[in-house]
Every structure is written in C-alpha cells, then in structure tokens.
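Engineer: need a 3D model of the sequence below.
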Amino acid sequence: MRTQRVEEQEGAAAVAHAERPPVFLVGPARSGTSLLYKALCLHPDAAYISNWVARFPTSPRLSWLNRLARRFPELRRRAWFGDDSNAYVYGTRRPLHVRLVPMPVEGEPVYAACGVPLQDDVSPERTVRQQGALRRAFARIAAAGGGSVLVNKRIGNNRRIPFLASAFPDARFVAIVRDGRGVALSLSKVDWWERSVLPWYGATPARWAAEGRDPWEACARNWVEDVRAMEEGLSRVPDSRVLRLSYESFVDSPLATLERIAGFAGLGREAEWERSLARLTFPDRNDAWRSELDPATVATITAVQRATLEEYGYDV
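Structural biologist: Have a look, this model is predicted:
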C-alpha cells in the first residue's frame, strides 16, 4: 500500500513538472555549451540529467542525488568545473569522492532508452511513442531532482530539434555559436574526437585521416555541418522560443548573459545562484587558434568555413 501511495505521489509530481517546458542548449561541439550548461544547472530550480542517471537511464529516481549535490556547493563546484572553471573535466584523473558527485551530462543513454534516434524518425506512430517516453522520462527526472525546469545540452540534439519542438510544444532553445576556427582547434585536442562517428561523414576522424584526407578539413567541416543542422532545425521553431548568442558575447559578459538566459528559460533571480556564479571564472579561449595554428592550417580551415564564418559576422 505504501509503495502504491509513493508511486501515486511521484506520478502526480511528474505530471506537474511535465507542464513546465524544458530548455535545450544547442550548438556546435566545443562552442561553450558545456560551460553554459553547468552554469545554468547551478540554479536551484534547474533539473538535469546527471552522470548517475546516464549510467542507469531506466532509473530516473537517481536524480534524487542531485538534491544532495546542492548541499555541498564547494564540492559540487570542484566536481563540475575543476580548479580553473574548465567545464570539460572528463578524461582527467579525479578523486573518487569527486567523481561520485552528481554532475550534468548530455544524457544520450536516456534518449536511447526512450527509443529516440539521432535523426527524426520516418514513422509517425513510432515518433509519438518516442516523444511520450521522453516526456515521461524528463518529468520523472525533474520531479526526483527537485528542479522546476529541466535543462539539457546534447550535441546530437542539433539534429533533433524538430522532434524535440514537437514533443515539447513550449520548449525553449538556446543556440550558441563560436568562431569555427577556435572550434576546429579545440576539437583537435579533445580525447573523444578521433573515435567519434561524424553524422555527415558516416565514419570517424581517424578513418578520414586513414583515407589520406587532411584532418584539419574534418575539424573545420564538422563545425559547418553542426551549424547547418542546427539552423535547419531552428527554422521550424517560432522565433519567440529561440534565444541566440555567441560564445564571444558569453565570455565577455558571462553573468549578464546567464541572467538573460535564465529569464528566458523561466528560472527566476536567485541570490544563491548568483553567488555560485561569482565564484567561477569564464576564460576566453577563443583566440588560441591565432597563436597556435600556422598560417597554412588557418587557411585550410578558413577555406572550408568561409561562407558560414561570414554569415555569422566573423572576420575572414
């Protein structure tokens, strides 16, 4: 009987949270989406897919651990951002007690558990089932985690925007774009890049290089293809549900930008959140390509990206 009452209470809470639209952060990989994501998830009203739920995607109740993370803000900051506000802490050696802290992640296993493909499904009937499953999963995660607005960042969502906009009719989308030359350099440095399957190519960058192609062209084109997929998806979403920004404006005025995004997302002003943000630094890592790349490499990248760079107002 007690179990039944608990399930009924959880179901009611999930329905309430399901009525509050989620916020999806979209943009090319290495454009500052992780930093933006984690900064927003510091907000006490933000719900998110944690590393624990991603590990056990059919157990959304594990989001309850997110409540514990809020009680230890300094440990949470170290777990999420390291000692230098680096939102990308994966692949680095961290103490066990830090790795155990719930942390916002992209959460692809949750999408997979709901049967959601990387592209829109051609079967309307199957799409309806997938959308319903994702709505229920998000609602349960939000209810268990104690947040009122679910925030999610997933690079694969650049190609799912129409699906998500249909599944969550009032959802908000925050789109961020960064100078593609900075993105290309950043991609070349991360540990997952070489083994990632590129949707526009159908294979990995390692395969690209093995075929005798220039690795820098793959880094450059991936930015172009991510931007193209994102813009095609956003073209089917009402402008009122889209907030656009650049990585450059974000790191130039991080606190003001985050407050603007929070207001757009339905996250209210919170002194606790603002104090947490004040403890972070938001370094501008965008100009490294000017000093680290030789002129020939810059020319290669720019040749691939020129039209898109010009479209977004970047000097070429």
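Engineer: pull the number of nearby residues for Glu274.
Structural biologist: 15 (other CB atoms under 10 Å). For the C-beta atoms, the positions are set from N, CA and C on the backbone; glycine is no exception.
Engineer: who's in contact with the residue nearest to it when sequence neighbours are not counted?
Structural biologist: In space, and not counting its chain neighbours, Glu274 is closest to Leu255: 7.4 Å by CB to CB, 6 or more residues apart in numbering. Leu255 sits next to Glu274, Leu277, Ala278 when contact means CB atoms under 8 Å, 6 or more residues apart in numbering.
Engineer: what about Leu309, helix or strand, and which?
Structural biologist: helix 295-311 (DSSP states H and E).
Engineer: contact partners of that helix?
Structural biologist: 179-181, 184, 214, 216-217, 219-221, 223-224, 227-228, 289-290, 293, 316.
Engineer: mind giving me the PyMOL select for these, buried ones only?
Structural biologist: In PyMOL, this line selects whichever of those come out buried by 16 or more other CB atoms under 10 Å:
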select buried, resi 179+180+181+184+216+217+219+220+221+223+224+227+289+293
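Engineer: for the contacts of Leu255, which one is nearest Ser196?
Structural biologist: Leu277 (30.6 Å; CB to CB).
Engineer: surely the closest one is within a strand?
Structural biologist: No. Assigned with DSSP: H, G, I helix; E, B strand; the rest coil, Leu277 falls outside any strand and is helix.
Engineer: please renumber the chain so that the first residue is 381 from this point on.
Structural biologist: Noted, 381 is the first residue going forward, which turns the last one into Leu657.
Engineer: what's the separation between the residue lying closest to it once chain neighbours are set aside and Glu574?
Structural biologist: Distances taken as CB to CB, 6+ apart place Leu635 nearest to Leu657, at 5.8 Å, with adjacent residues excluded. Separation of Leu635 from Glu574 (CB to CB, to the nearest Å): 36 Å.
Engineer: likewise for Ala409?
Structural biologist: Distance from Ala409 to Glu574, by CB to CB: 13 Å.
Engineer: how about low-confidence regions in this protein?
Structural biologist: Applying pLDDT under 70 to the chain picks out residues 381-399, 463-478, 499-505.
Engineer: and for Met610, the neighbour number?
Structural biologist: Count around Met610 with other CB under 10 Å applied: 23.
Engineer: what residues are up against Ser633?
Structural biologist: Ser633 neighbours (CB under 8 Å, 6+ apart): none.
Engineer: again with Glu672
Structural biologist: Leu565.
Engineer: show the end-to-end separation of stretch 544-553, please.
Structural biologist: 10 Å (CA to CA, to the nearest Å).
Engineer: I am finished for the moment; much appreciated.
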